[in-house]
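Q: fold the following and give me the result.
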Amino acid sequence: MAACRAQYHPDLENGTIIATLPKLNRGEFFEGASPVVTTVFQLRTLLVERERGGASKTNPRVQEVQHRCSLLPLFCVPCTGLDLTTALLRPSELLPLDRLAAANRAAPGIQELASETFAGAEEAEGAPSAPPSVDTSARPGAGAVAPQPLLPPMLRVVEPLAGAADDGAALPGLIGELKVSSRVRYGFQRRYFGVFKHLQDELVDVLSFDPEELPEELREAHRVAAEDADFDMERYCGDEYQGCAEDPLGVAALAFVPHWESAGYSAAEFSGWSEEETTAMQRLANRDFLMDPVERATALSGVLSVVMAYCYEERMTGGDFGVESAWTVAKLSAALSWLQPLASSRDAVAAGLRRVLCYPYLRSLTLAQRTASDAATIFAHGKRCILRCLLQVAATFAEAHDHQGFYLLNKVLVHDQIVFLQRLPDALLATYAGDVATAVEGLRGAPPAEMLGEVIGAKVSEASAWACGKEEDGEDNEDNNDSEVV
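A: Got it, this is the predicted structure:
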């Protein structure tokens, strides 16, 4: 087994220590160890558990990781998060473990303030009784405080007030909670509300609706109606049958070789994260998202919607995003511009195709289908490639100075997508990538009405018939000219 070593480089970044820690089993591969947020979380958990003691007796994985990292000194990553490499290279930015442990003990998680024993029919039938009550008056400095039931506000049983009329006045607490829960929610896992309440004017060119008022179940119908009204058939005919073949931007976009075609993203081929990408991931809060299969498919479809919009802009700009890139990416993604949860990969691809035909500079079905194929390729490469795309979208929104409100889209969706994707098992992502490829191929061969909806599909079919008729007329004119010459 190779020895551990550390080397000090005084001229590298004002003094850097590079530590080499060999694996216990040479050549062993740790799945999911590349994403920064996940690595930070595992390191922090390991060190806290090691300080508290006893974790290795009950958790074999912690015991294994403790053995692998047994040479780590008494440092711990602060809550802002540093990845393992940065933690070893810049120990001055770490907190001593004893200080972190003291902070953890000083900030308890869940406290039992009071409990109450409920006697009733369940107790009479031999059911287990509630925990014994706690006498709060016996605590130092405590007054005569009535014990509170240990239930969340929405589950509390509110007894009718004596003498109160049956008009709802007896349930003030419950009614108040119901009013709060009726707020319109949006964003990743519907976690947000009120974010755009006072800042909607900053995104008036991107959000075509009031996110604080329009319920989720109505957004798809409003989006489809808006796209049907915004589709310009004359503009589409010019871009589809002349733009891609004659416009220099269209020709360059289709010929451009993006990073997902030129770079490798497997574990052996990946060149690593840039400094900007590493810093961006370090700044994100680590969290776990509890999801069932339906919620996971919705979350991944939201990622697909953003990636499709990113692919269009990557091709149109040749990989060099400009001042209009934030608007383009946000406008072409239904998950961003309408904050709409998309149930499946097919829904996400269909929505992306429609929006490419309605809003950007070059509105071509050929280019739209190419971006859909690009998205399928990106998902086939795995989470490293997808994360690189999302990180560039997040950076573009953060740097959009002309429309300051774009950073709100990072807050409600993109940042959570980046964290979620790092924690997603590779097997689940591979399964969804197969669904994306199937959806793209299925829509490519589908009739326009099925691919783009009845209204836009009918207009695209009409445009195709017009183009075919024009081509036949051109051939007839050529034949007539040849006859006259003879």
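Q: what's around the closest residue to residue 463 other than its chain neighbours, how many residues?
A: Sequence neighbours aside, residue 237 is the residue nearest to residue 463 in space, at 4.9 Å (criterion: CB to CB, 6 or more residues apart in numbering). The way it works is simple: take the backbone N, C-alpha and C, and place the C-beta from them, glycine included. Residue neighbour count, defined by other CB atoms under 10 Å, stands at 20 for residue 237.
Q: residue 237 - that's part of a helix, no?
A: Yes. Per DSSP: H, G, I helix; E, B strand; the rest coil, residue 237 lies within a helix segment.
Q: tell me where the stretch 201-350 of the chain has helices.
A: Under the criterion DSSP state H, counting those that start in this stretch, the stretch 201-350 of the chain contains helices at 216-230, 233-238, 244-246, 248-255, 259-262, 275-282, 293-317, 325-332, 334-337, 345-356.
Q: still on that earlier bit, OK, contacts around the residue nearest to residue 463?
A: By CB atoms under 8 Å, 6 or more residues apart in numbering, residue 237 lies in contact with 463, 466-467.
Q: of those residues, keep whichever come out buried.
A: residue 463 (16 or more other CB atoms under 10 Å).
Q: ok, back up a step: of the helices of the stretch 201-350 of the chain, which is nearest residue 459?
A: Among the helices of the stretch 201-350 of the chain, helix 233-238 comes nearest to residue 459, with 4.9 Å by CB to CB.
Q: re earlier: from residue 320, how far off is the residue nearest to residue 463?
A: 29 Å (CB to CB, to the nearest Å).
Q: again with residue 243
A: In terms of CB to CB, residue 243 sits 20 Å off from residue 320.
Q: so these two - more neighbours on which side?
A: residue 243 (23 against 7).
Q: spatially nearest residue to that one (excluding sequence neighbours)?
A: Of all residues not flanking residue 243 in the chain, residue 250 sits nearest, at 4.7 Å (CB to CB, 6+ apart).
Q: wait, that neighbour touches residue 364, no?
A: Yes. Residue 250 lies in contact with residue 364 (CB atoms under 8 Å); the separation is 6.8 Å.
Q: what do those two both touch?
A: 239, 243-244.
Q: okay, who's weakest in those residues by pLDDT?
A: Among these, residue 243 has the lowest pLDDT, at 72.
Q: surely residue 398 touches residue 407?
A: Yes. Using CB under 8 Å, residue 398 is in contact with residue 407, at 5.6 Å.
Q: count of residues packed around residue 339?
A: 27.
Q: typed the wrong thing, it's residue 419
A: Residue 419 has 21 nearby residues by other CB under 10 Å.
Q: that one and residue 286 touch, don't they?
A: Yes. Using CB under 8 Å, residue 419 is in contact with residue 286, at 6.7 Å.
Q: in stretch 206-222, what's buried?
A: Neighbour-count burial for stretch 206-222 flags 206-209, 211-212, 214, 219-220 (criterion: 16+ other CB under 10 Å).
Q: likewise stretch 421-430?
A: Within stretch 421-430, the residues scored as buried using 16+ other CB under 10 Å are 421-424, 429.
Q: quick check: mean pLDDT of it?
A: Averaging pLDDT along stretch 421-430 gives 94.
Q: can you give me phi and psi for residue 342?
A: For residue 342, the backbone dihedrals (degrees, to the nearest 10) come out as phi -100, psi 120.
Q: likewise for residue 274?
A: Main-chain dihedrals, residue 274, degrees, to the nearest 10: phi -70, psi 170.
Q: can you give me the end-to-end distance of stretch 190-201?
A: Stretch 190-201 stretches 22 Å from its first residue to its last (CA to CA, to the nearest Å).
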